[in-house]
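>>> take this sequence and fold it.
(one chain, ligands or ions: 2)
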Amino acid sequence: MAWNATIPARILRVNHGGESGAILIYRAQIVVSKWRAPDLTPFLREALSHELTHQMRFGALMPARQAKPCRMMWIWTVGGGILGLASALLGREAILACTEAVERTVHKHLDEQIAWATTHDPGLATVIRDIQFEELEHLDFAIRERRRAGFLWLDKLIATATDGLIWISTRGDSARLAIQLAGPKQPFGG
Ligand SMILES: [Fe+2]
Ligand SMILES: [Fe+2]
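Ligands and ions are numbered 1, 2, ... in the order given. As a prediction, the model looks like this:
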């Protein structure tokens, strides 16, 4: 199989894993938000319902592209749960900082994937674009609702943790994939 032919399968494996992480983050935050930030619970519930649909939609594309769910799905259960729980315990602003950091990181990955899939796998590109639209709603909500620019350290920590979780769960494949999706670099910046 040509190397390029494996890219849709690898995109789907990364995304399916990432959605599983998002599901765990939102689930944990919903439990704690009822006590720490009840005004955010309706948003968190809606975001969770979106993430469940995203996971299902990516999952539905997997068999035709010979993609298997990532073998280290448990990393998401543990990592996503800890991330969601810890941020929610810190309160409303930390929940929003977490949403913003996670969704911004996801958005960056989806942008790279759409750029590649538009010419190589239009069916996959359409689904990613649809999903990206809802991820942007989550990101916009978090940006809009944050009352102060606090928790910058948490923002950075979570963005790094999200990238790290994606990297670990795919055993580094997410980073190799990002390089491939960006295409060959011209030497001397030409
Ligand atoms: Fe999602
Ligand atoms: Fe999202």
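
>>> alpha carbons only for contacts and neighbour counts from here, please
OK.

>>> now do the lowest-mean-pLDDT helix or strand in the chain: everything it contacts.
The weakest-scoring helix or strand in the chain, judged by mean pLDDT, DSSP states H and E, is helix 173-182 (a mean of 74). Outside helix 173-182, the residues within contact range by C-alpha atoms under 8 Å, 6 or more residues apart in numbering are Ile7, Arg10, Ile11, Val14, His109, Glu112, Gln113, Ala115, Trp116, Ile166, Trp167.

>>> same deal with stretch 6-17?
Against stretch 6-17 from outside (C-alpha under 8 Å, 6+ apart): 55, 58-59, 61-62, 65-70, 73, 76, 113, 117, 121, 124, 166, 169-170, 173-174, 177.

>>> what does stretch 26-45 give?
Contacts to stretch 26-45, defined as C-alpha under 8 Å, 6+ apart, come from residues Ala47, Leu48, Gly81, Gly84, Leu85, Ser87, Ala88, Leu89, Gly91, Arg92, Ile95.

>>> so which of the residues you listed wins on neighbours?
Highest neighbour count within those: Ile95, with 30 neighbours (other C-alpha atoms under 10 Å).

>>> the nearest residue to Glu134 once chain neighbours are set aside: how many residues sit nearby?
Leaving out its chain neighbours, the residue that sits closest to Glu134 by C-alpha to C-alpha, 6 or more residues apart in numbering is His50, at 7.3 Å. As a burial measure, His50 scores 19 neighbours (other C-alpha under 10 Å).
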